[in-house]
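**Student:** sequence first, predicted model second:
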Amino acid sequence: QMSSRNSPFLQLLRENENKAVSLRVYNSKSETLRDTHIVPMKWSHSTTELLGIGVRHCSLKDALDNVWHVLDVFPDSPATAAGLRANTDYILSSDTFYFCESSDFLQFVSENMGKPIVLRVYNSES
């Protein structure tokens, strides 16, 4: 949720509820742009959210400095079940914090063995 209920972005979404809104998405890895559309609408899990996404404003530099590049995805593994892709996926963070040190990700996984976890993943192809 955005902290400012009167932000220009939220106002744009409210004014275009149930209408296609054009978005230009920047891929920071490939330094390319792609055009897409999204339709802001109330959806089954929320009466106030219009996009069904969680976002956080952060420094692009910080987001790109500390990532885990997925090199292999082993058959029948939790990574396979989650749909991770070798060579094109980058693990950015969990749903609660960024992995700032190289040991943070391993510690996070160790502390959550046997439990479902949420990871924020960037894919360089999409």
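**Tutor:** Right, received. Where do you want to start?
**Student:** all contacts plus neighbour counts: C-alpha atoms, from now on.
**Tutor:** Fine.
**Student:** how about residues contacting the helix or strand hosting residue 11?
**Tutor:** Assigned by DSSP states H and E, residue 11 belongs to helix 8-15. Contact partners of helix 8-15, identified using C-alpha atoms under 8 Å, 6 or more residues apart in numbering, comprise 40, 50.
**Student:** and the strands in this protein, which stretches?
**Tutor:** Using DSSP state E, the strands of the chain run over 21-27, 32-38, 68-69, 89-94, 119-123.
**Student:** could you check the angle the last one makes with strand 89-94?
**Tutor:** Relative orientation of strand 119-123 with respect to strand 89-94: 150 degrees, computed using axes from the mean of the first three to the mean of the last three C-alpha atoms, to 10 degrees.
**Student:** list the buried residues in strand 119-123.
**Tutor:** Residues of strand 119-123 classed as buried by neighbour count (16 or more other C-alpha atoms under 10 Å): 121, 122, 123.
**Student:** and if you look at the second one?
**Tutor:** Going by neighbour count (16+ other C-alpha under 10 Å), nothing in strand 32-38 comes out as buried.
**Student:** pull up the pairing partners for that strand, direction included.
**Tutor:** Its sheet considered, strand 32-38 pairs with strand 21-27 (antiparallel) by DSSP bridges.
**Student:** any idea of the mean pLDDT in the strand it pairs with?
**Tutor:** For strand 21-27, the mean pLDDT works out to 80.
**Student:** what's the neighbour count on the residue nearest to residue 92 when sequence neighbours are not counted?
**Tutor:** In space, and not counting its chain neighbours, residue 92 is closest to residue 67: 5.0 Å by C-alpha to C-alpha, 6 or more residues apart in numbering. Residue neighbour count, defined by other C-alpha atoms under 10 Å, stands at 21 for residue 67.
**Student:** check whether residue 67 really touches residue 99, as I assumed.
**Tutor:** Yes - proximity of residue 67 to residue 99 meets the contact threshold set by C-alpha atoms under 8 Å, at 7.3 Å.
**Student:** overlap in contacts of those two?
**Tutor:** Common neighbours of residue 67 and residue 99 (C-alpha under 8 Å, 6+ apart) are 92, 93.
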